[in-house]
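S.K.: Compute the structure for the input listed below.
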Amino acid sequence: MIDTTLGPLMVHRTGAGAPALLWHSLFVDSGTFDGVVEDLGEHRELVLVDGPGHGGSPGPHRRYSFEDCAAAAAQVLDALGISAPVDWVGNAWGGHVGIVFAQSFPSRCRTLVTIGTPPYPLTHPERLQIALLVYLYRVLGPAPFSGMLVDALAGRGAAKSAPRAAAAVSDAFRRGNKRGKYWAMQSVMLHRPDLRPLLPALQVPTLMLVGRDDPMNDPEEAERAARSIPGGRCERVAGAGHVAPLLVAPGDIARDLLAFWSEDRNRQGVG
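M.R.: This is a model prediction of the structure:
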């Protein structure tokens, strides 16, 4: 547990090599990276963060911003004595934080990978619908929404077609601090800002991975967003939800990351 301005954050550290920081999607926790940890850990020292209100991190009971999350990530690295720039890997929420981290702390970010991360805000109708769901979550807790969330994050029908992926999402959703997760929903989903204006200013090699069948992340928009980043690119991967690529095709995601990191080392002339 590492103290930050967003409260204590649970951090898992494993692997060896240059540092990489991994931040998960809203509703789940760092366990959704389990399928890539072994492969990535052979090449990187991995710092896996449980975001506020998720996993082992209680989270503050107030609104906060992506800038607050990025600052908390920097505090985690400071506490671990990591001064070298990190390879950031962010899934959905983690990708949003990574974009802000790369913009706010450019000297501390070597590369950026986002997975299932729409950079645009919710539409007004979506915001109204989600505001009701967030209120009901606060009143009723996670149980009534588990099936809906599994369909959204792992893909519709995942309970039958990909039961292990569905169970991973459902179990992670039920873990964590209920009040902390409510405030995370308020902060990073309901009031998610438009991050597209930040993209042209990013100065780090960036790879955006988008699920081919993710209904909540328009692949065409993701490709436009990637093109707006100097040195940015987008690739479509297997998956029908924000978290699905990590759960249904972790080997493919690990290979994509390792290839991207290798390309960056070659660009820098590192053997």
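
S.K.: in the helix or strand bottoming out on mean pLDDT in the chain, what's buried?
M.R.: Sorted by mean pLDDT, DSSP states H and E, the helices and strands of the chain end with helix 158-161, the least confident at a mean of 76. Across helix 158-161, burial judged by 16 or more other Cβ atoms under 10 Å covers 158, 159. The way it works is simple: take the backbone N, C-alpha and C, and place the C-beta from them, glycine included.

S.K.: CA atoms only for that helix, dumped as CSV, please.
M.R.: Taking C-alpha atoms only, helix 158-161 is exported to CSV below (Å, rounded to 0.1, in the frame of the first residue of the first chain):
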residue,chain,number,x,y,z
ALA,A,158,-19.6,-13.7,-22.6
ALA,A,159,-21.2,-15.6,-19.7
LYS,A,160,-21.7,-18.5,-22.2
SER,A,161,-19.1,-17.9,-24.9
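
S.K.: So for the helix or strand that that helix is followed by, what gets flagged as buried?
M.R.: Counting by DSSP states H and E, the next helix or strand C-terminal to helix 158-161 is helix 163-174. Under the neighbour-count criterion of 16+ other Cβ under 10 Å, helix 163-174 has 165, 166, 168, 169, 170, 172, 173 buried.

S.K.: can you redo those residues as TSV with distance to residue 259?
M.R.: Shown next, in TSV, are the buried residues of helix 163-174 (distance: Cβ to Cβ, whole Å):
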residue	distance to residue 259
165	23
166	29
168	25
169	27
170	32
172	28
173	31
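
S.K.: before we move on, the earlier item: ok, and what's touching the least confident helix or strand of the chain?
M.R.: Helix 158-161 is contacted from outside by 147, 150, 151, 155, 165, 166, 169, 240, 241, 244, using Cβ atoms under 8 Å, 6 or more residues apart in numbering.

S.K.: quick check, nearest of the buried residues of helix 163-174 to residue 50?
M.R.: Nearest to residue 50, judged by Cβ to Cβ, of the buried residues of helix 163-174 is residue 172 at 9.9 Å.

S.K.: mind listing what the closest one touches?
M.R.: If you count contacts by Cβ under 8 Å, 6+ apart, residue 172 has them with 27, 28, 29, 31, 32, 54, 55.

S.K.: ok, now how distant is it from residue 24?
M.R.: 8 Å (Cβ to Cβ, to the nearest Å).

S.K.: Need the residues touching each of those two.
M.R.: When contacts are counted by Cβ under 8 Å, 6+ apart, residue 172 and residue 24 are jointly contacted by 31, 32, 54.

S.K.: since we're on the second one, how many residues are nearby?
M.R.: Residue 32 has 29 neighbours, counted by other Cβ atoms under 10 Å.

S.K.: Show the contacting residues for it.
M.R.: 24, 25, 91, 168, 169, 172, 243, 246, 247.

S.K.: Distance to residue 71 and pLDDT added to the contacts of helix 158-161, as CSV?
M.R.: Shown next, in CSV, are these (distance: Cβ to Cβ, whole Å; pLDDT from 0 to 100):
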residue, distance to residue 71, pLDDT
147, 35, 80
150, 32, 80
151, 33, 80
155, 33, 77
165, 32, 83
166, 34, 84
169, 28, 86
240, 33, 77
241, 29, 81
244, 30, 86
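
S.K.: Buried ones among those residues?
M.R.: By neighbour count, with 16+ other Cβ under 10 Å, the contacts of helix 158-161 hold 150, 151, 155, 165, 166, 169, 240, 241, 244 as buried.

S.K.: residue contacts, the last one?
M.R.: This points to residue 244. Counted by Cβ under 8 Å, 6+ apart, residue 244 has contacts 116, 153, 154, 155, 158, 162, 165, 211, 214, 238.

S.K.: Out of the residues you listed, list just those in strands.
M.R.: residue 211 (DSSP state E).

S.K.: Between which two of the contacts of residue 244 is the distance greatest?
M.R.: Largest separation among those by Cβ to Cβ: 116 and 162, giving 15.3 Å.

S.K.: tell me which residues in stretch 129-147 are buried?
M.R.: Residues of stretch 129-147 classed as buried by neighbour count (16+ other Cβ under 10 Å): 133, 137, 142, 145, 146.
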